[in-house]
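Student: 3D, please:
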Amino acid sequence: WALALAAGAALLAAFVRTVPAGPFPPLAAAAAYAGFGGIVFAAPAFLVAAALLLSPVESLVRRRFIERARARLAEVGPLVIGVAGSYGKTTTKAALAAALSGRYRVLATPDSYNTLLGVTRTINELLTPEHEAFVVEMGARQPGDIAEICDLVHPEVGVVTSLGPQHLEYFKDEATVVRTKTELLRALPADGIAVVDADGIEDFAGAHDWTAPTTRVSAREGAGAEVTVTGVAFTGEGTSFTVRAAGHAFLALTTPLLGRHAAADCALAAVAALQLGVEPAAIAAGLAKMTPVPHRLEVVRNDSVVVIDDAFNSNPAGFSAALEVLGAFAGRKILITPGMVELGEETVAAHRRVGEQAARACDVVILVGRSWPAEFMDAILAGGLPAESLHGVASLAAASELLATMIRPGDVVLFENDLPDNFA
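Tutor: Below you'll find the model as predicted:
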């Protein structure tokens, strides 16, 4: 088949080269394209044809891959805890693994393996009979993605982190974000456990269409949530906070992770762990021993400079939290960022807000690339940062070169967000 397709494409290219231009512009264009000699024309045609032929095979392999994971899950039978949301999924997943470790032998999906095939691969390659709990991060780019993962793993516990205007380029509106991220909760059994962050665009205060009992967690006093996070304090070494229910403190916690959002994510994990029977002391010990999640407010120190690596991605809430963490350090503060993407109609307003905050928090700002709106720079200047302290460069490499010319002992540098090539 492959040889026949390649030969046919080559013959077609040879034929096209004999057609005069004149009245057949498409053929003339094809002739010009084929002028590099059959192979140039044949290669794309062969690849398209091969992809069409292999598609059923790929689908079959994919189904078998997923069914093998389904069988492995049924064989091992771990307690499955799902984590969904707009912000903080990976941190909450890590916090859950730490908090549950005092009672369960835990497997969590590694890194950001949060798609159906990423979860499937984790099950097939890493899940063993010794695992008693399986923490699954669930990402989504379109409605139905999380439901598809739930159909594979059948979660008994669902944790939904803060919901916000992330990936609006895909979801289009906040209502679709909420509906998609809460697919996890609709997949829970009636006797399951739902723990949700009530401080995002959805406060979960009204009626909902899932049956599992729901515990709301909030950092806002008076929000009416069942659990409140209070007393959040952080330094360059970590974060401390208290978790309260019905006005009474029942957990005083610390974690090496930085920022208010880290406290919120760890509180969600603590509440879920408590409901799963983990002793409070074991929860506290697990969270205290956490290691920072790579590229998520990860602090790197050398003899004279502190680097805060928050380059995995960014969103309005995370950007604001990172600037707040930056303010907890002594020294001259430098921000390097390409801004935020995939915010849809919120793009300008979100950049204005963090731009004003950056002007207050930073001594130097270096903007990378051209993905950010002009209002971002305007807000930074309007917020009071001197024009000579605001720089724009074309690439991260250029930003690093500029930084090398100005860095001095005692500086603190925040790298906020990274971008794929198509956003540079």
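Student: next, count neighbours for residue 324.
Tutor: Residue 324 has 16 neighbours, counted by other C-beta atoms under 10 Å. Every C-beta, even on glycine, is put in place using the N, C-alpha and C of the backbone.
Student: and for residue 340?
Tutor: When neighbours are counted by other C-beta under 10 Å, residue 340 comes out with 26.
Student: in the chain, what spans have low per-residue confidence?
Tutor: Along the chain, segments meeting pLDDT under 70 span 1-58, 60, 166-171, 247-249, 419-424.
Student: the domain parsing of the protein - what is it?
Tutor: 2-59, 77-288, 298-423 (automatic domain parsing).
Student: run the chain-centre distance for the second one.
Tutor: Its chain's C-alpha centre lies 13 Å from the corresponding centre of domain 77-288 when counted by C-alpha atoms, centre = their mean, to the nearest Å.
Student: and stretch 332-345, C-alpha only, in PDB?
Tutor: Output of stretch 332-345 as PDB, limited to C-alpha atoms (Å, rounded to 0.1, in the frame of the first residue of the first chain):
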ATOM      1  CA  ARG A 332      15.400  44.600  44.900                       C
ATOM      2  CA  LYS A 333      12.600  42.900  43.100                       C
ATOM      3  CA  ILE A 334      12.700  42.100  39.400                       C
ATOM      4  CA  LEU A 335       9.800  40.600  37.400                       C
ATOM      5  CA  ILE A 336      10.300  38.800  34.000                       C
ATOM      6  CA  THR A 337       7.100  37.800  32.300                       C
ATOM      7  CA  PRO A 338       5.400  37.400  28.900                       C
ATOM      8  CA  GLY A 339       2.000  38.100  30.400                       C
ATOM      9  CA  MET A 340      -0.900  35.700  30.300                       C
ATOM     10  CA  VAL A 341      -2.700  34.000  27.400                       C
ATOM     11  CA  GLU A 342      -6.000  32.200  26.700                       C
ATOM     12  CA  LEU A 343      -8.100  34.700  28.700                       C
ATOM     13  CA  GLY A 344     -10.500  35.700  25.900                       C
ATOM     14  CA  GLU A 345     -12.400  38.900  26.600                       C
END
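Student: distance of the nearest residue to residue 291 once chain neighbours are set aside from residue 239?
Tutor: The shortest distance from residue 291 to any residue that is not its chain neighbour, by C-beta to C-beta, 6 or more residues apart in numbering, is 6.9 Å, and that residue is residue 256. Going from residue 256 to residue 239 by C-beta to C-beta, to the nearest Å gives 8 Å.
Student: which one's more surrounded, the two?
Tutor: More neighbours surround residue 239 than the other of residue 256 and residue 239, with 24 against 15 (other C-beta under 10 Å).
Student: still on that earlier bit, mind listing what the residue nearest to residue 291 touches?
Tutor: 237, 238, 288, 290, 291, 292 (C-beta atoms under 8 Å, 6 or more residues apart in numbering).
Student: elements contacting the one helix or strand residue 124 maps to?
Tutor: Using DSSP states H and E, residue 124 sits in helix 116-126. The helices and strands touching helix 116-126, judged by 3 or more C-beta pairs under 8 Å, 6 or more residues apart in numbering; DSSP states H and E, are helix 39-76, strand 133-137, helix 145-153.
Student: 7 Å instead?
Tutor: The contact analysis (3 or more C-beta pairs under 7 Å, 6 or more residues apart in numbering; DSSP states H and E) places helix 116-126 against helix 39-76, helix 145-153.
Student: ok, residue 401 to residue 415 distance?
Tutor: Per C-beta to C-beta, residue 401 is found 15 Å from residue 415.
Student: who has more neighbours out of those two?
Tutor: More crowded of residue 401 and residue 415, by other C-beta under 10 Å: residue 415, with 25 against 11.
Student: so who does the more buried one touch?
Tutor: 307, 309, 310, 311, 336 (C-beta atoms under 7 Å, 6 or more residues apart in numbering).
Student: swap in residue 205?
Tutor: If you count contacts by C-beta under 7 Å, 6+ apart, residue 205 has them with residue 224.
Student: quick one: it from residue 225, how far?
Tutor: Distance from residue 205 to residue 225, by C-beta to C-beta: 8 Å.
Student: got it, and residue 305?
Tutor: For residue 305, the distance to residue 225 - C-beta to C-beta - is 40 Å.
Student: and what of residue 340?
Tutor: Residue 340 is 28 Å from residue 225, by C-beta to C-beta.
Student: mind listing the strands for the stretch 301-424 of the chain?
Tutor: Secondary structure of the stretch 301-424 of the chain (DSSP state E, counting those that start in this stretch): strands located at 306-310, 333-337, 364-368, 390-393, 412-416.
Student: sorry, slip of the keys, the one I care about is the stretch 101-250 of the chain.
Tutor: Under DSSP E, counting those that start in this stretch, the stretch 101-250 of the chain gives strands at 106-108, 133-137, 157-160, 193-197, 214-218, 227-235, 238-245, 248-255.
Student: alright, I will stop here.
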